[in-house]
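1. just the structure for this:
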Amino acid sequence: MFLVDVSETRPVGVSLHESVENIKRMSKLSIEERIRHISRNIEVRRSVELLANQPKDSSISKNLVKEATQLLTKKEFPKSLEALNFAMQLVENDDKETKGWIAGLRSAASLHMDFFKETILDCNLALDDLPLDLTVQRFKVWGRLAISTSRLEDHTSLVTILRKIKKELYESSLEKDKVVSLLHRLSISLRSTDGNNQPTTERNKACPPKPDKCVEVKVGPAGRHVIATRDIQAGECILVDESIEAVLNLPFLRLNCTNCLRAVISGVPCTLCTQVIFCSDECMENCGFHRLECGHLDLYPPIGPLVPVLRLFTNRSATYFLENKEKFEFHDESIGWEVEDDMSSVFNLQWREKNAEYIVQMSTQAFYIVHCLKTMGYFGDQTDQTGDEELYFGRLAYHFLLGADENSHQIVQYNTPGSAFTGTFDTLYEGEDDVITVIGSALTKYMSLFNNSCDVNTLKYHQGTRTVLCAKRRIKKGEEVTDFYGEHFFTTPRASRSINLGFTCLCTACRENWGLRDSLPTFSEQYLKSKKKSWAKERRHLDTCIRRMDVVGVMDSCRKLEKLVGVEPPHQELILPEMYLNYSMCYLYGNKSVQFEYFSKQINNHPVQTQ
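-> I've put the predicted structure just below:
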């Protein structure tokens, strides 16, 4: 007997109520025979309703609007946006007036947080949906639209908006004195914004993609690895890897866009279900997989590699896999990134069948994927039997699962400042809160080609579903370019790292058994005064930038220190600048929650002053 348990806090759990002998015997069968056997002896159990498809209900939506209004009054703007986006998910499709109220309130919260583009979107939505007889309420929305347009310095649009405001007010039932008073107040508000305009940048500005300019894939006795084809400088972008599939963890489905994974400000709901939200109309229109998944997300485990594999299928038709069987016949792990086809890249990921129990567990998960696809109507007419066509998809699912289990990558975002934050960059990460939070998992085309190093020479951050890989220090021509799997040599002994990683790492730090941080060489005070004056001066400047929360200054200083240090690892003085280069680039360019983006805007507008 096999039990598939979809839990609230972990990946799909598989319980094998079989003897050791039966499991060993099953592991030697073909994958099709294993799935056929499992289908006859399985129970699928969901211990809780993870994300039930709640019916749209405007009465619940209006209660959320009241809650959001109270949060706005308390100036808890991120929380009010969260409540209003949920209200937008629940409002009935034909209730235009409630949609208008929600959009109007969201525009108020967005304007307070300086999200001017999102404010404009919501103002236009509110003006489309709010009745004309709500003159004063509409005027407030018009005012936010004018202020946001002014802050973006779009003077042509501002002139048009002001003309429309005057026309609507004079055509309303308001007395002329009231109209003049409202226009005067708007004029004062607009004048107060003059000179306060901040340079506007795109959210999470990207580095230019360079996937083939400075690195190449080599194949050796240990498998595929990536080397530098020229010297790469600290902070330089190595590649931008767009995910083949990326899936939000369930706890973030009401906070982040289900298509691009960015935090949602002006959310666009699905018209059919209440399980997901999108950051824009464009993301909703481009989200082809949701047409099949709509209303079925309660089938999904909240985390783990199974969901990206399931997304490989829901984002492509059954016909695609049936017509392209030749792509999935021969597994070739030596393939590098010259392969243009995404599915070929996924199919040829490196994997290993670890033991008999692992083989049967992954076979059971492959059956669960077929079960989910059948539930969603992927195969057309429903059948109780697992036919040849579905066995073919089960074989594919098993193969993809093995690759995903070894090669899927987490997607993270800055979530909330640490509870011990006192205004300095170092205290941002202190306290019990998870400053950097995993929001999803992804299958990527290139990142799986990079081996682990416990002295990693790269850093990475995420922009939506993309992974941006940059050099953390100078990487010499011919040197292997590595990734970080979670263990630093200077914090954890080699034996513990091997246990935590689940394999024997062959990086230089592990082969040579480098010591922990306190045992590494460092600069003496006398040496700094006689040989490293420029480095010491820049190191003091880094400390000043950290105290001031000058994150751009931190990034620039770390790059300069790398050029001035003049030593090779392992060395104590390499650790901190590399760490803060990582932190600063992730902070400046990576994914952020709405709460953290608001926090960073406040820091930018009110920099910390130090002596």
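
2. and the closest residue to E353 other than its chain neighbours, what pLDDT?
-> Using CB to CB, 6 or more residues apart in numbering and skipping the chain neighbours, the partner closest in space to E353 is I359 (5.2 Å). Backbone N, C-alpha and C define where each C-beta goes, glycine included. Residue-level confidence at I359 comes out at 91, pLDDT.

3. other SSEs contacting the helix or strand I359 falls within?
-> Secondary-structure assignment from DSSP states H and E places I359 in helix 356-375. Here helix 356-375 touches strand 2-6, strand 13-16, helix 20-27, helix 31-40, strand 42-46, helix 306-314, helix 388-407, going by 3 or more CB pairs under 8 Å, 6 or more residues apart in numbering; DSSP states H and E.

4. how about 6 Å then?
-> Judged by 3 or more CB pairs under 6 Å, 6 or more residues apart in numbering; DSSP states H and E, the packing partners of helix 356-375 are strand 13-16, helix 20-27, helix 31-40, helix 306-314, helix 388-407.

5. counting neighbours, which bits of that helix end up buried?
-> Neighbour counts over helix 356-375 (16 or more other CB atoms under 10 Å) mark 356-357, 359-374 as buried.

6. out of the helices and strands packed on helix 356-375, indicate the one that is most buried.
-> helix 306-314 (a mean of 24; mean count of other CB atoms under 10 Å).

7. list the beta-bridge partners for D483.
-> Per DSSP bridges, the residues bridged to D483 are N452.

8. S453 is in contact with that one, correct?
-> No - taking CB atoms under 6 Å as the definition, D483 is not a contact partner of S453, at 7.4 Å.

9. more crowded one of these two?
-> S453 (23 against 20; other CB atoms under 10 Å).

10. the more buried one against T482, yeah?
-> Yes - counting by CB under 6 Å, S453 touches T482, with 3.5 Å between them.

11. distance of A404 relative to M362?
-> Relative to M362, A404 is positioned 10 Å away (CB to CB, to the nearest Å).

12. what's the overlap in contacts for these two?
-> Residues touching both A404 and M362 by CB atoms under 6 Å, 6 or more residues apart in numbering: none at all.

13. where does pLDDT dip in this structure?
-> Low-confidence regions of the chain, defined by pLDDT under 70, span residues 1-18, 45-52, 194-212, 222, 302-304, 336-339, 382-386, 432-433, 606-611.

14. longest strand of it?
-> Counting residues, the longest strand found in the chain (DSSP state E) is strand 436-443.

15. downstream of it, the next helix or strand is which one?
-> strand 458-463.

16. in its sheet, what does whichever helix or strand comes after that following strand sit against?
-> Using DSSP H and E, the helix or strand that follows strand 458-463 towards the C-terminus is strand 466-471. Sheet pairing for strand 466-471, assigned by DSSP bridges, gives strand 237-242 (antiparallel), strand 458-463 (antiparallel).

17. looking at these, which is closest to N259?
-> Closest of the strands paired with strand 466-471 to N259 is strand 237-242, at 12.9 Å (criterion: CB to CB).

18. ok, R185 to F139 distance?
-> 9 Å.

19. between these two, which has more neighbouring residues?
-> In this view R185 and F139 are compared by other CB under 10 Å, and F139 has more residues nearby, 20 against 12.

20. the more buried one sits in which helix or strand?
-> Per DSSP H and E: helix 135-151 holds F139.

21. can you map out the strands along this protein?
-> 2-6, 13-16, 42-46, 215-220, 223-228, 237-242, 245-248, 268-269, 277-278, 409-414, 436-443, 458-463, 466-471, 480-481.

22. most neighbours per residue, which of those strands?
-> Taking mean count of other CB under 10 Å, strand 245-248 is the most buried of the strands of the chain, at a mean of 26.

23. for it, packing partners?
-> Using 3+ CB pairs under 6 Å, 6+ apart: strand 245-248 touches helix 306-314, strand 436-443.

24. adjacent strands (with direction) for that strand?
-> Strand 245-248 is paired, per DSSP bridges, with strand 436-443 (antiparallel).

25. name the residues that touch the strand it pairs with?
-> Contacts for strand 436-443 (CB under 6 Å, 6+ apart): 243-249, 252, 261, 308, 346, 404, 408-415.

26. report the angle between it and strand 409-414.
-> 150 degrees (axes from the mean of the first three to the mean of the last three CA atoms, to 10 degrees).

27. where does C279 fall, phi/psi-wise?
-> Dihedral angles of C279 (phi, psi; degrees, to the nearest 10) stand at phi -80, psi -10.

28. distance of it relative to V65?
-> 21 Å.

29. more neighbours, these two?
-> In terms of neighbours (other CB under 10 Å), C279 is the more surrounded of C279 and V65; the figures are 24 against 21.

30. which one is that one nearest to, not counting chain neighbours?
-> Per CB to CB, 6+ apart, closest to C279 is C257, 3.8 Å.

31. that neighbour: how many residues sit nearby?
-> 25.

32. do the one 5 residues further on as well
-> Close neighbours of R262, defined as other CB under 10 Å, add up to 25.
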